[in-house]
Each structure stands twice: as C-alpha cells, then as structure tokens.
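1. Generate a structure from the sequence data that follows.
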Amino acid sequence: MLGLMGSADSDFPIHDRVRRASLFPRRLQMTHRYALAIYRLRKFIRSHSIDVLVIVESSLALFAIPAGIGFSTRLICWEHFNFLVDVGRKKRTLARHLAALFSDDVVTLTERDQSIWRRKTLARANICAIANPSAKLPFERIYPEKSKTVLAVGRLSYQKGFDILIESWAHVVKRNICGDWKLVIVGSGELQQEIERQIQESGLRSSVSIRPATIDINSEYDHAAIVCCSSRYEGLPMVLIEAQQHGVPVVSFDIDTGPREIIVDNETGVLVPAGDPAALADALCALMLDESRRREMSTNAVLNGARFDTDVIMERWCRLLALPSPASGLTARGAV
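-> Residues are numbered from 1 along each chain as shown. So this is what the prediction gives:
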C-alpha cells in the first residue's frame, strides 16, 4: 500500500502482510515536485517488481501513467467519485480522460458511472463496475421496531446536503404528525457551525442533534429506524450499503450515481427527486407513520445488502485480476 504523501498509518486495522510506504513522508505542495514524484514512483515500481498498480482515485493517473512508461506493470484506475463531479479540480477531468486512454482498466463504483465513462471518453481501457464491499454482520440483525430515530451519517460538508436535510426536517416538524421522532446526524466537518446555526434558527434544537464522527458506526445503525441520505452527489455511498446490511430502511435523494444501485425503490427504501426537501419530508413522514412497512423493508434490506458482502466483491476483483478465489487460500505477489 503506497501513499503519495503523508503518513502511511491508518485509523482502521490492516492485515499484517500489507506493507505500507509513502513517496513523501510529509504532506507537501506537489506543484514543484511533480517530476520528483514520478521519479520516485518509477523507482518503487522497479525495485518492488510491481505487476499490478491500482491507483485509488483517478487524479493519481497524472503520476501513474508517466511513471509506468517502459514497464509491463498493469495499471488499474479505481475511481471513487463519479465522472460528472470534479470538485472544482480541472486536473481531475484531464486525469480521467488520460486514464481511459492509457490505463489497462478503469474500475467504477456503479454501472451508471461505467456507462458515463464509456460515453464521455475515448476509452481504450477495459471499463468495469465493482461496488465497494462492506463486512457482513457477525450477528443476526433485529430491527428496533419501537425506535423513533432517523439517522444521517457523513462528513459535514456541502456534498452531503445536510442543509437540505435540515430544511426538510423543518417540514416534518411543522406537520406535527410524527410525534417524538428525532433526527440524529453523525459526522464532523467544516460546515458544522453553519449546520448548528441552521438548526437553531429553524427552531429544531429539541428534535435534531449532531454527534461526532465515530469508527463504531454500527451502534448508530443498531438504534436507527430509518437512515436518510440528502447528498448532492456521491460515488457509491457506503452509508446506504451499511444501512441495508443492518436492515435499516432508507430514504434517499435519487442523485446521478449510487443510491439507485443500492436501494430497491419501495422495497428496501424510498428514492425521491434529488434536491427536493419537500419530497424528502413526504417520504420520511410516510415511512415514520407506517411501522409495518418499515419492518417489511428491514427484512428486504438485509437480503439486498448481501450483494455487497466482502466475499462477494472480492470474487469480482479476483476475476478482474485473474487471481485465485480468496477461498482457495492462495495469494499474489508484486501488487500495490
């Protein structure tokens, strides 16, 4: 596992057979170190006899493509956004077009994004869709039927649309039909003060709370009756995958990529028009008032979530890499 810059440490447990390194040990401005980064990556590829180089996020193609010239290393670009979003970085758009031309493979998170890559680029690479995995729960999920908590999870940023969610929740409260239901937002980020101010000014302090981001997110799902996703854009929202595996019904905006390939509309959750706070409120209220529907969706969600189990997704990666199944116990060398 090779990082471009900064510490190679992780907040999550990593298998002891995974070796970690970084091209630059400290975070630096890369504008004047571009050539040096390519040199160091070429040196790493050569010295470690790398057979397969997987870049996690398409903008790294700007480094990986020139670094791989002259080597037989297979280059896989693993995109974690979606093609229609560049977050104001035009270099990311350039990198995607170069990745489509010069990578061996491009892996998108959704079939929708796969089709966009094929339509928008002069693709010579093999473009395929493989979702992110989520570990199967080690216990049987019991849906908390009496819970009155709507859970939203994510970084407190523009992307996640919590400002729209607060506006929607104000609609819910004004209707005065959902009793003592609460909205719990779990996350940290640059917009926390703005979101807290919006909650205060909307008179929602008694029904909305913000909790800091946590690694132990499972306990939040365990107590949630509904999970709500108000994102403006996503690649493939892990929150929705985790919610389905925990058997929590979901209400989500039907944005360009992600939710529609996770949620089975009206069976495991509800999709509503993107960016529409009133429609989001309508869907939330309807589900909050219908306990039997939530129970049925919970059962369906668990079955649907099995598509994203780690073993299932690993099999797809093994087929792409022409590797033995993980169940065989064999391992590959020379990949990073």
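
2. Partner strands of the lowest-mean-pLDDT helix or strand in the chain, with direction?
-> Comparing helices and strands within the chain by mean pLDDT, DSSP states H and E singles out strand 2-5 as the least confident, with a mean of 84. With DSSP bridges as the test, strand 2-5 is paired with strand 21-24 (parallel).

3. and F71, what does it touch?
-> Applying Cβ atoms under 8 Å, 6 or more residues apart in numbering to F71 gives the contacts 42, 45-46, 50. All C-beta atoms are positioned from the backbone trio N, CA, C, and that covers glycine.

4. That one sits in which helix or strand?
-> Using DSSP states H and E, F71 maps to neither a helix nor a strand.

5. check contacts around A131.
-> Taking Cβ under 8 Å, 6+ apart, we find A131 in contact with 109-110, 236, 241, 261, 307-308, 313.

6. Let me see the contact set for the residue positioned nearest the centre of the chain.
-> Nearest to the geometric centre of the chain sits P237, at 3.7 Å (Cα atoms, centre = their mean). Under the criterion of Cβ under 8 Å, 6+ apart, the neighbours of P237 are 154, 229, 231, 252, 258-259, 262.

7. And I241, how close does it get to T268?
-> 11 Å (Cβ to Cβ, to the nearest Å).

8. ok, now R197?
-> Distance, R197 to T268, by Cβ to Cβ: 34 Å.

9. With neighbour numbers in mind, choose between those two.
-> T268 (25 against 11; other Cβ atoms under 10 Å).

10. ok, and the closest non-adjacent residue to the more buried one?
-> A301 (4.2 Å; Cβ to Cβ, 6 or more residues apart in numbering).

11. I'd guessed that neighbour sits against E242; true?
-> No: A301 lies out of contact with E242 (Cβ atoms under 8 Å); the separation is 10.7 Å.

12. min pLDDT across the contacts of P237, which one?
-> Lowest pLDDT among those: G258, with 93.

13. Excluding chain neighbours, what is closest to that residue?
-> E234 (4.0 Å).

14. Give the other helices and strands that the helix or strand containing C228 contacts.
-> Assigned by DSSP H and E, C228 belongs to strand 226-229. Packing partners of strand 226-229 (3 or more Cβ pairs under 8 Å, 6 or more residues apart in numbering; DSSP states H and E): strand 149-153, helix 238-245, strand 250-253, helix 277-288.

15. Packing partners of the third one?
-> Using 3+ Cβ pairs under 8 Å, 6+ apart as the contact criterion, the elements in contact with strand 250-253 are strand 226-229, helix 238-245, strand 269-272, helix 277-288.

16. Same list, the ones you listed, but as a markdown table with distance to Y34 please.
-> As requested, these are arranged in a markdown table below (distance: least, Cβ to Cβ, whole Å):
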| stretch | distance to Y34 |
| --- | --- |
| strand 226-229 | 37 |
| helix 238-245 | 31 |
| strand 269-272 | 42 |
| helix 277-288 | 43 |
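
17. Highest mean neighbour count across these, which stretch is it?
-> Comparing the helices and strands packed on strand 250-253 by mean neighbour count (mean count of other Cβ atoms under 10 Å), strand 226-229 ranks first with a mean of 26.

18. Alright, I will stop here.
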